[in-house]
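Student: What follows is a predicted protein model with its sequence.
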Amino acid sequence: MTLEILTPEKKLYSGDVYGVQLPGITGLFELLDKHAPMVSALGKGKIKVLVDSKNDTHHYAIQSGFVEMYNNKATVLVEGAEGLD
């Protein structure tokens with residue numbers, strides 16, 4: 001699946017990934033390849049980008065945001081984000 005993580009200032013991440021773990025407003029959830037279309041609000045926490053199935057990951061801290069999953073592409077729009085690795 002394709003993942004883009006965007007802030008109002010810049011693009012934090014863009015590329016093909018195995019999956020992504022996100023901090024929803026009621027708890028963590030994960031999006032994987034061919035997930036059903038959805039839109040969800042995000043709360044304060046950490047985004048974990050699963051680049052491949054061999055534990056290659058990237059981490060980002062966020063304050064809030066939204067995610068849209070559609071046509072095997074996840075678009076994450078966030079405020080107050082910074083890379084942790």
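Tutor: All right, it came through fine.
Student: Tell me how many other residues surround residue 21.
Tutor: 17 (other Cβ atoms under 10 Å). The way it works is simple: take the backbone N, C-alpha and C, and place the C-beta from them, glycine included.
Student: in what helix or strand does it lie?
Tutor: With elements taken from DSSP states H and E, the one containing residue 21 is strand 19-24.
Student: got the buried residues for that strand?
Tutor: Buried residues in strand 19-24, defined by neighbour count with 16 or more other Cβ atoms under 10 Å: 19, 20, 21, 22, 23.
Student: Closest to residue 10 out of those?
Tutor: Ranked by distance to residue 10 (Cβ to Cβ), the buried residues of strand 19-24 are led by residue 20 at 18.2 Å.
Student: beta partners of that closest one?
Tutor: residue 31, residue 49 (DSSP bridges).
Student: Which residues does stretch 53-68 contact?
Tutor: 5, 12-13, 18, 22-23, 31, 38-51, 74-85 (Cβ atoms under 8 Å, 6 or more residues apart in numbering).
Student: The lowest-mean-pLDDT helix or strand in the chain: partners in the sheet, and parallel or antiparallel?
Tutor: In the chain, the helix or strand scored least confidently by mean pLDDT, DSSP states H and E is strand 82-83, which has a mean of 86. Strand 82-83 sits in its sheet next to strand 57-62 (antiparallel), going by DSSP bridges.
Student: That's all I had, so thanks and see you.
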